[in-house]
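Engineer: below is the structure, and that's it, no one-letter string:
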C-alpha cells in the first residue's frame, strides 16, 4: 500500500513536471532572452523584458529564479497560490505582466495553481517540452519568457485546458 501511495504521488507530480531534484538538475541551464521572445512580446502589444542572468538574479528570489529562468518546478501543495481563492489578477513574478484572472482558476487537485485560460490572448505562449522522456506543452510569459508551467488537455469547459502553473512564477493583485 505504501509503494502504491508513493507511485500515485509521483504520478500527480509528473502531471505538472517532476519534483525530483535529480531531474531538475538535468534540465536546461538558465535561459536568456531571445529574438523570438521579443517578437512574441511585440505581437501581444507589450515591450519585451530582456535582462541578463545577473539582473534576473537581483530581481527574483532564488526559488523564482529557479522556476522562471531555469524551468524548475516547485513541490506540489507547497506554493502560495495552490489553495488561493481571492478575487483578482495573477501576474508574472518576473515582469509584472497580467497572466490569469481569478475567475479562470480552478482546483485541479494536483497541488499547483490551475487555470482554464490566460487573461487575454497573447499573454502566455507555448513551446514544446520534450524533457523527462515525454512531450508536453510548456507555457511561458510572452513578455519576459519566464517559465510558468505546462498546459494539458484535461481542464474544465469551456476551454478543456489546464494551465498548471508554479506559484513561484506568479504574484497576485487583489480586486478592489
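Structural biologist: Now that the structure is in, tell me what you want to look at. Just so you know, these numbers come straight off a predicted model, no measurement behind them. Numbers count the residues shown, from 1 in each chain.

Engineer: any weak-confidence spans in the protein?
Structural biologist: 1-46 (pLDDT under 70).

Engineer: swap the cut-off to 90 and go again
Structural biologist: 1-47, 131-132, 176 (pLDDT under 90).

Engineer: for it, which segments count as strands?
Structural biologist: Secondary structure of the chain (DSSP state E): strands at 88-92, 98-101, 105-106, 114-115, 124-129, 136-141, 147-152, 162-165, 170-174.

Engineer: ok, the residue nearest to residue 101 when sequence neighbours are not counted - contacts?
Structural biologist: Distance criterion Cβ to Cβ, 6 or more residues apart in numbering; nearest residue to residue 101, sequence neighbours excluded, is residue 119 at 4.9 Å. Yep, even glycine has a C-beta here, placed from its N, CA and C like the rest. Residues in contact with residue 119, defined by Cβ atoms under 8 Å, 6 or more residues apart in numbering, are 89, 98-101, 104.

Engineer: try residue 163
Structural biologist: By Cβ under 8 Å, 6+ apart, the residues touching residue 163 are 100, 114-118, 124, 139, 148-149, 151, 155.

Engineer: of these, which is the nearest to residue 79?
Structural biologist: For the contacts of residue 163, the residue nearest residue 79 by Cβ to Cβ is residue 149; the value is 10.4 Å.

Engineer: so how far is residue 108 from the closest one?
Structural biologist: For residue 149, the distance to residue 108 (Cβ to Cβ, to the nearest Å) stands at 11 Å.

Engineer: okay, these two: which has more neighbours?
Structural biologist: Applying other Cβ atoms under 10 Å to residue 149 and residue 108 shows that residue 149 carries more neighbours, namely 29 against 22.

Engineer: hmm, the more buried one is touching residue 166, no?
Structural biologist: Yes - Residue 149 is within contact range of residue 166, at 5.3 Å (criterion: Cβ atoms under 8 Å).

Engineer: between the two, which contacts overlap?
Structural biologist: Joint contacts of residue 149 and residue 166 (Cβ under 8 Å, 6+ apart) are 73, 112.

Engineer: give me the number of residues near the closest residue to residue 174 other than its chain neighbours?
Structural biologist: Nearest residue to residue 174, sequence neighbours excluded (Cβ to Cβ, 6+ apart): residue 88, at 4.3 Å. As a burial measure, residue 88 scores 16 neighbours (other Cβ under 10 Å).
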